[in-house]
Structures are given as structure tokens and as C-alpha cells.
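**Student:** based on what follows, work out the 3D shape:
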Amino acid sequence: MSHKQNAKTIERIAPSRDNPINIFPKPRTELARMALKARAEYIATGAPLLDIDSINAEVADRRGEHQSE
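**Tutor:** All right, here's what the predicted structure looks like:
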């Protein structure tokens with residue numbers, strides 16, 4: 001991939017402040033399309049996206065693990 005092509009790809013997939021849904025390239029598989037659709041529907045509800053610490057806490061909570069502070 002040339003530098004110009006790479007720059008265009010980065011511009012295309014760069015997150016938009018106006019549209020946090022379309023930050024990924026066009027999906028190539030049905031599974032990817034389903035995952036992006038689910039993500040878009042979740043974002044449309046207004047629910048916040050979790051950061052890595054929140055995800056780890058959620059996983060630990062669901063597993064019944066106690067977090068040490």
C-alpha cells in the first residue's frame with residue numbers, strides 16, 4: 001500500500017466526533033457486519049462505551065471475582 005493510499009485509509013477510518021459509529025472500514029464478512037450493526041444499535045441507545053478498565057471490572061463481576069483495591 002502506497003503512502004497516499006495509507007493516508008486515505010487512515011482518514012476514512014479516523015473517528016468522527018459527529019459520528020462515533022462509522023470509525024471502521026467497510027466490513028468484509030457477515031460476522032463483521034453483524035458486529036458493527038450491534039455496535040451501532042448499542043451506541044444509538046445512548047449507553048456509554050466502556051474503556052478497558054470498565055470491561056475488565058464487568059468481566060470480573062460476572063465471573064464472581066472480587067476486585068482487590
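**Student:** what about Tyr42, neighbour count?
**Tutor:** 13 (other C-beta atoms under 10 Å). For the C-beta atoms, the positions are set from N, CA and C on the backbone; glycine is no exception.
**Student:** tell me the confidence at it?
**Tutor:** According to the per-residue confidence, Tyr42 scores 90 in pLDDT.
**Student:** shaky segments in the protein?
**Tutor:** Low-confidence segments of the chain, defined by pLDDT under 70, are located at 1-24, 67-69.
**Student:** one more time with 80
**Tutor:** For the chain, the stretches with pLDDT under 80 are 1-25, 66-69.
**Student:** where is the longest helix in it?
**Tutor:** helix 30-44 (DSSP state H).
**Student:** so which bits of it are buried?
**Tutor:** Taking 16 or more other C-beta atoms under 10 Å as the basis for neighbour counts, the residues of helix 30-44 that come out buried are Leu36.
**Student:** following that helix, which helix or strand comes up?
**Tutor:** Moving toward the C-terminus from helix 30-44, the first helix or strand encountered (DSSP states H and E) is helix 52-63.
**Student:** hmm, back to that, which other helices and strands does the longest helix of the chain contact?
**Tutor:** Other helices and strands packing on helix 30-44, by 3 or more C-beta pairs under 8 Å, 6 or more residues apart in numbering; DSSP states H and E, are absent; none qualifies.
**Student:** in three-state terms, label the residue lying closest to Arg33 once chain neighbours are set aside for me.
**Tutor:** The spatially closest residue to Arg33, leaving aside those adjacent along the chain, is Pro27, at 4.6 Å (C-beta to C-beta, 6 or more residues apart in numbering). Secondary structure state of Pro27, per DSSP: H, G, I helix; E, B strand; the rest coil, is coil.
**Student:** neighbours of Pro27, how many?
**Tutor:** Applying other C-beta under 10 Å, we find 13 residues neighbouring Pro27.
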